[in-house]
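K.L.:
model the structure of this input:
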Amino acid sequence: MLEKITARHRKFQAERSAELAAACDITQCGLTIEVFDLAMNRVFAKSALFGTEIGAKASAEILARLMVTACREHGIPASAIKSVGIAADVHIAEYLAGELFASDLYLSPEIELYFSPFISMGISGRFTASLTTIPEEKFTAADFGKTLCVAQNNGKELLCAAFSLAGAFDGSGLESGMPAEDGAIETVKRDEKTLVYEVINDADCIGICSCGAAMAADLMRKDGIIDADGIMYDRDLFFIGEDFYISQADVRAIQSDKARTAAALSLFGSENGIFLSGEPFSSPDGLKALLSLGAVPERFSRAAFARNSVLRGIENCLKNKEIRALAENISKNAKDITEDLLSDYDENYLNNLAF
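P.N.:
Here you go, the predicted model:
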């Protein structure tokens, strides 16, 4: 993970109304605020902060600082923010729910702070928000981050499980890892014999995101730069350009997360709609690379995917009371079956380690 705290701001629209909502997605290594225009029903702007670990006690200060910076960068008066929705890991969300007030974010004390409800201590409100975006009654869904959360709804019950990852699929476990924001290497491929890469928004390159790392690992495997055990031949670094690289440690993180996700997804069906979300899916090439590496089973190849369904879910909850009721229903009725799957998961993990 990048060791320097970095913020990125992007405005998507030239005009906005005076009815805005702020959707906040907080992970262990980053924070994103997306400003949604309630009157025009579209995303207005986004601000992201990464390159630091976010603990519960520090989360309130970091959120307040980014909220103020985002409003300044995007020309948004505090009076235009009518509601704030927050999805975060359970320990962070519970801390903020008891300690954070709108005035702490330099917003009107009257505005509502909404927290996406969690399913269990291992499955946070981030996944609840993600699940509210799925349009089908029967589905299999997964969200890739520091934790892999998987759910399956057979029309009668919603079964969920969560499995820890090594950080390759959210960037935190890569030496130059970062989210898929401006400045991240997102695409790595060969043009005949030349290695080429693409940086998001053509910005100055500062790191590599999960999508680019997965593509690089797949290319290294196909070119024989790493063997089936994940060992790099002849070198310890695979350079992408002059300043950025995939290291042996990065390969190990990718190998571990590849085996973990394959092991987890093998325990869930794929007969109904399949929905995948997370940093590796910032580009369609990310899904292709994960399929090629074996991180995602081939039977999941028809999946719909998005980089961040969490933000969409929070926005839906802020603008629609029926979606908010759905989130509450998911939180109350979903069943966490992680413990029941662990023995099969461990065996599948070992069987999927080889490239």
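
K.L.:
give me the pLDDT value at the residue lying farthest from the centre of the chain.
P.N.:
For the chain, the largest distance from the centre (C-alpha atoms, centre = their mean) belongs to Asp234, which lies 33.7 Å off. Listed pLDDT for Asp234 reads 77.

K.L.:
for it, helix, strand, or coil?
P.N.:
coil (DSSP: H, G, I helix; E, B strand; the rest coil).

K.L.:
which phi and psi values does it adopt?
P.N.:
When quoted as degrees, to the nearest 10, the phi and psi of Asp234 stand at phi 70, psi -10.

K.L.:
what do you get for Asp37?
P.N.:
According to degrees, to the nearest 10, the main-chain angles of Asp37 amount to phi -90, psi 110.

K.L.:
check Ala249 too.
P.N.:
Phi and psi for Ala249, reported as degrees, to the nearest 10, are phi -60, psi -40.

K.L.:
go ahead and confirm it touches Ser176.
P.N.:
No - between Ala249 and Ser176 there is no contact under C-beta atoms under 8 Å: 11.0 Å. Using the backbone N, CA and C atoms, a C-beta is placed for each residue, glycine as well.

K.L.:
which of the two has more neighbours?
P.N.:
More crowded of Ala249 and Ser176, by other C-beta atoms under 10 Å: Ser176, with 24 against 12.

K.L.:
show me what contacts the more buried one?
P.N.:
The contact partners of Ser176, by C-beta atoms under 8 Å, 6 or more residues apart in numbering, come to 2, 207-208, 244-245.

K.L.:
can you give me the helices in the stretch 201-350 of the chain?
P.N.:
Remark: helices assigned in the stretch 201-350 of the chain by DSSP state H, counting those that start in this stretch are 210-222, 248-265, 284-293, 309-319, 321-333, 338-351.

K.L.:
mean confidence (pLDDT) on the longest one, please.
P.N.:
Translated: helix 248-265. The pLDDT scores in helix 248-265 average 98.

K.L.:
now it: buried residues?
P.N.:
250-265 (16 or more other C-beta atoms under 10 Å).

K.L.:
give me the angle between it and helix 338-351.
P.N.:
Interaxial angle, helix 248-265 versus helix 338-351 (axes from the mean of the first three to the mean of the last three C-alpha atoms, to 10 degrees): 130 degrees.

K.L.:
quick one: helix 248-265 to helix 210-222, angle?
P.N.:
Using the same axes, to 10 degrees: helix 248-265 against helix 210-222 is 100 degrees.

K.L.:
from the contact counts, what lies against helix 248-265?
P.N.:
Judged by 3 or more C-beta pairs under 8 Å, 6 or more residues apart in numbering; DSSP states H and E, the packing partners of helix 248-265 are strand 139-144, strand 147-153, strand 158-164, helix 210-222, helix 284-293, helix 338-351.
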